[in-house]
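Participant: Quick one, what's the 3D model for this:
(chains A and B)
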Amino acid sequence: EDQVTQSPEALRLQEGESSSLNCSYTVSGLRGLFWYRQDPGKGPEFLFTLYSAGEEKEKERLKATLTKKESFLHITAPKPEDSATYLCAVQAWGASGSRLTFGEGTQLTVNP
Amino acid sequence: NAGVTQTPKFQVLKTGQSMTLQCAQDMNHEYMSWYRQDPGMGLRLIHYSVGAGITDQGEVPNGYNVSRSTTEDFPLRLLSAAPSQTSVYFCASSPSGDGRAQHFGDGTRLSIL
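Facilitator: Next up is the predicted model:
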């Protein structure tokens, strides 16, 4: 059974204070690992896809990295508008349909 | 483009009532899915469809029915609502089933009393 665990559950940062979110996963043949951002009252919004260990993706202040067992979402010099819940999900090869397994998310708050 | 539209946005039901959550997409996507999101549980897949006329069960299908008569619409039916079905429901669509291309609606917040 595919499993995804995210830590911490919640993170408070001061504006400009860099940090990382963790996503540990167990999957039978990784097809892809996905990071989403979710704002209150909204659906998840796609950020990154990572396919193989060693891969990195960047977008503005965010950088996602992948190893064989976990992924990190690094946030550099965050701003208050980066406050959101960040979700990690995995998709296995052979997963029927569009089945994704999600973690519980990390709620990030960036204070000005 | 409207993307994925879910209606209603909020609903309160009494135990035993039935209702249908609507989901429509205008992107001509073949894959559509229903998830529920509960505190401390993450998003869990209820049912999914890989095309019109084809549906299958996800991780937590009990108490829910779906059908897919058109590419655009994928309604979720609660036949006899139970308090355990209180949750936020999200519909998603994608052209290929790839997680990078998933488009989510803004959810339906459902309370069962």
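Participant: Just give the number of residues close to the closest residue to chain B within chain A.
Facilitator: Nearest residue of chain A to chain B, counting by CB to the nearest CB: A:Gly43, 3.1 Å away. Every C-beta, even on glycine, is put in place using the N, C-alpha and C of the backbone. A:Gly43 has 23 neighbouring residues, counting by other CB atoms under 10 Å in any protein chain shown.
Participant: how close does it sit to B:Pro95?
Facilitator: As for A:Gly43, its distance to B:Pro95 is 17 Å (criterion: CB to CB, to the nearest Å).
Participant: returning to that earlier point: contact partners for the residue of chain A closest to chain B?
Facilitator: By CB atoms under 8 Å, 6 or more residues apart in numbering or on different chains, the contact set of A:Gly43 is B:Val4, B:Phe90, B:Ala92, B:Phe104, B:Gly105, B:Asp106, B:Gly107.
Participant: run the last query once more with 6 Å
Facilitator: A:Gly43 is in contact with B:Phe90, B:Phe104, B:Gly105, B:Asp106, B:Gly107, counting by CB atoms under 6 Å, 6 or more residues apart in numbering or on different chains.
Participant: Now, those that are in helices?
Facilitator: Residues of the contacts of A:Gly43 located in helices (DSSP state H): none.
Participant: quick one: which of the residues you listed is nearest to B:Thr20?
Facilitator: B:Gly105 (14.7 Å; CB to CB).
Participant: doesn't B:Ser93 make contact with the closest one?
Facilitator: No - taking contacts as CB atoms under 6 Å, B:Gly105 lies outside contact range of B:Ser93: 8.6 Å.
Participant: Burial check on the residue lying closest to B:Asp38 once chain neighbours are set aside, number of neighbours?
Facilitator: In this structure, B:Asp38 finds its nearest non-sequential neighbour in B:Ser87, 5.2 Å apart by CB to CB, 6 or more residues apart in numbering or on different chains. B:Ser87 is flanked by 21 other residues according to other CB under 10 Å.
Participant: Likewise for A:Phe48?
Facilitator: 24.
Participant: which residues touch the residue of chain B found nearest chain A?
Facilitator: Closest residue of chain B to chain A, CB to the nearest CB: B:Phe104 (3.1 Å). Taking CB under 6 Å, 6+ apart, we find B:Phe104 in contact with A:Gly43, A:Pro44, B:Phe90, B:Ala92.
Participant: Centroid-nearest residue for chain B?
Facilitator: Centroid-nearest residue in chain B, with CA atoms, centre = their mean: B:Trp34, separated by 3.1 Å.
Participant: My guess is that one contacts B:Ile46. True?
Facilitator: Yes - using CB under 6 Å, B:Trp34 is in contact with B:Ile46, at 4.4 Å.
Participant: nearest residue to the residue of chain A closest to chain B other than its sequence neighbours?
Facilitator: Here the residue nearest A:Gly43, using CB to CB, 6+ apart, is B:Phe104, at 3.1 Å.
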